[in-house]
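Q: Pasting a predicted model and its sequence here:
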Amino acid sequence: ETGVTQTPRHLVMGMTNKKSLKCEQHLGHNAMYWYKQSAKKPLELMFVYNFKEQTENNSVPSRFSPECPNSSHLFLHLHTLQPEDSALYLCASSQDPQRANTGELFFGEGSRLTVL
Amino acid sequence: DQQVKQNSPSLSVQEGRISILNCDYTNSMFDYFLWYKKYPAEGPTFLISISSIKDKNEDGRFTVFLNKSAKHLSLHIVPSQPGDSAVYFCAASSNFGNEKLTFGTGTRLTIIP
């Protein structure tokens, strides 16, 4: 496999469920990101990890809990979500955060989340 | 308050004609601008960028124009091809890439054969 892969591609969960989204990058990058894409809204940066350390949390509610065990893997743990959290969640990676801001940001295919 | 605005949610263009996608921004500190392209069921991919020291950048069929005084940029695709049908996102950063990207809401381009 190459690039950035995300699983699952689709997820339906109830408000009381606990689930996780997984992201893996095979590009040898050091930085990983979670973005949220809601209908008719801009792509929103949620979290940034650089060398496994969280460097940015963009005021994300605590019902979203990221985990980065190493530079190749990123998880987003979900619990007690709300229907308005339904969205496409995109993982991305870059060699470093600055290169991400100048075009070298590589996205996965996304995980489509529906909260009932 | 959206700092990067793509006011046209959708655009349809005949194959072979020019497609023009527009983007406006409000933050005068933005100095680096990018366009991303997204096909259904795929993640966005980088298409073309421009620095504020330029007013035009060309890459094959794709040209980005920047009008700093109007805080406006546009992406021109000519000639348009069916494979160009996708959602196009405009994005901007400041401090020449040292600040995080701010994205627009996207424009869905449909090329009519």
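A: Arrived safely, thanks for sending.
Q: so what's residue A:35 up against?
A: Counting by CB atoms under 8 Å, 6 or more residues apart in numbering or on different chains, residue A:35 touches A:43, A:44, A:45, A:46, A:89, A:90, A:91, A:92, A:107. C-betas here are computed from N, CA, C, even on glycine.
Q: right, I mislabeled it, should have said residue A:113
A: Counting by CB under 8 Å, 6+ apart, residue A:113 has contacts A:11, A:12, A:13, A:21, A:78, A:81, A:85, A:86, A:87, A:88, A:89.
Q: Pick out the residue nearest the middle of chain A.
A: For chain A, residue A:34 is the residue whose C-alpha lies nearest the centre (CA atoms, centre = their mean; 2.7 Å).
Q: Let's see the pLDDT reported for the closest residue in space to that residue that isn't next to it in sequence.
A: Of all residues not flanking residue A:34 in the chain, residue A:46 sits nearest, at 4.3 Å (CB to CB, 6 or more residues apart in numbering or on different chains). We have a pLDDT of 96 for residue A:46.
Q: Any idea how many residues pack against residue A:46?
A: If you count neighbours by other CB atoms under 10 Å in any protein chain shown, residue A:46 ends up with 19.
Q: and it, what does it touch?
A: A:33, A:34, A:35, A:36, A:57, A:58, A:60, A:64, A:66, A:76.
Q: any idea which element the nearest residue to residue B:45 once chain neighbours are set aside lies in?
A: In this structure, residue B:45 finds its nearest non-sequential neighbour in residue B:37, 5.6 Å apart by CB to CB, 6+ apart. Following DSSP states H and E, one finds residue B:37 within strand B:30-38.
Q: Helix or strand next in line after that strand, which one?
A: That would be, after strand B:30-38 and using DSSP H and E, strand B:45-51.
Q: Rounded mean pLDDT for that next one, please.
A: For strand B:45-51, mean pLDDT is 95.
Q: The following helix or strand past that strand and chain A, are they touching?
A: Sequence order places strand B:56-59 as the next helix or strand after strand B:45-51, per DSSP H and E. No. Figure legend: strand B:56-59 not in contact with chain A (CB under 8 Å from any CB of the partner chain); closest approach 11.3 Å.
Q: Let me know the angle separating the following helix or strand past strand B:56-59 from strand B:45-51.
A: For strand B:56-59, the following helix or strand on the C-terminal side (DSSP H and E) is strand B:62-67. Orientation of strand B:62-67 against strand B:45-51 (axes from the mean of the first three to the mean of the last three CA atoms, to 10 degrees) gives an angle of 40 degrees.
Q: what is the rounded mean pLDDT of strand B:62-67?
A: Mean predicted confidence for strand B:62-67 is 98.
Q: do the same with stretch A:103-111
A: Taken as a whole, stretch A:103-111 carries a mean pLDDT of 94.
Q: who in chain A is up against chain B?
A: When proximity is defined by CB under 8 Å from any CB, chain A lies next to chain B at A:4, A:9, A:40-45, A:48, A:56, A:90, A:92, A:97-110.
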